[in-house]
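1. turn this into a model:
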Amino acid sequence: MGTSYGPGLVVIVGCGKNKQNYPTAIADLYTGTYQRRAVAWARSMRARLFILSSAHGLVHGDVVTAPYEATLASSSYANTPVAATHPPVSAAKVRGQVMSYGLRGPVILLAGATYKALLVEAAGDRVQPVNPFADEAVRRGWDRRNGYQLKLMGEYLGRMP
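-> The predicted structure follows:
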């Protein structure tokens, strides 16, 4: 039996390194293939769309944001931290954002393990992040890598895996 998301499907997409060079809605800021496909799938589902930004935390997808340089790879959530180009967002800030948006229950998190670690620390048991594309890839005998998830996001536009 699958996860029940209720009537208000929430999708959180992790930010990416490659960005537009002008301010735009944060959901459209990232030019990487994974982010663009994840946003397209979330929109096809008419989900409440958020971006988990390494610089700004949890941001509603419609908020206009200027390009920035920051990475969660410099944080304690990364397996192999790298030098910071911008201080990464804190769990305390993300916790406040989760509360202010009223998020609770299962959420679809389309992002890597570093983002999941941040969200879990920030939200505790208030939200339960799942990635149905990674789970479906494994069910099909594939692995959880982004390439397989991209294929599935295209296959499942407008519907759940």
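2. give me the low-pLDDT residue ranges for the protein?
-> Residues of the chain meeting the criterion pLDDT under 70: 1-7, 73-87.
3. can you give me the strands for it?
-> Ranges of strands in the chain, per DSSP state E, are 10-14, 24-25, 48-53, 57-60, 64-65, 105-110, 127-130.
4. export those strands to JSON lines and tack on mean neighbour count and distance to Ala42?
-> Quick note: C-beta positions are derived from backbone N, CA and C, even for glycine. Shown next, in JSON lines, are these (neighbours: other CB atoms under 10 Å; distance: least, CB to CB, whole Å):
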{"stretch": "strand 10-14", "mean neighbour count": "24", "distance to Ala42": "4"}
{"stretch": "strand 24-25", "mean neighbour count": "16", "distance to Ala42": "13"}
{"stretch": "strand 48-53", "mean neighbour count": "24", "distance to Ala42": "5"}
{"stretch": "strand 57-60", "mean neighbour count": "20", "distance to Ala42": "12"}
{"stretch": "strand 64-65", "mean neighbour count": "15", "distance to Ala42": "17"}
{"stretch": "strand 105-110", "mean neighbour count": "21", "distance to Ala42": "8"}
{"stretch": "strand 127-130", "mean neighbour count": "17", "distance to Ala42": "14"}
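5. could these be laid out in JSON lines, adding distance to Gln97?
-> Below are the strands of the chain laid out as JSON lines (distance: least, CB to CB, whole Å):
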{"stretch": "strand 10-14", "distance to Gln97": "11"}
{"stretch": "strand 24-25", "distance to Gln97": "17"}
{"stretch": "strand 48-53", "distance to Gln97": "9"}
{"stretch": "strand 57-60", "distance to Gln97": "4"}
{"stretch": "strand 64-65", "distance to Gln97": "14"}
{"stretch": "strand 105-110", "distance to Gln97": "13"}
{"stretch": "strand 127-130", "distance to Gln97": "11"}
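6. tell me the gap between stretch 140-149 and the middle of its chain.
-> 17 Å (CA atoms, centre = their mean, to the nearest Å).
7. what does stretch 89-99 give?
-> Distance, centroid of stretch 89-99 to centroid of chain: 14 Å (CA atoms, centre = their mean).
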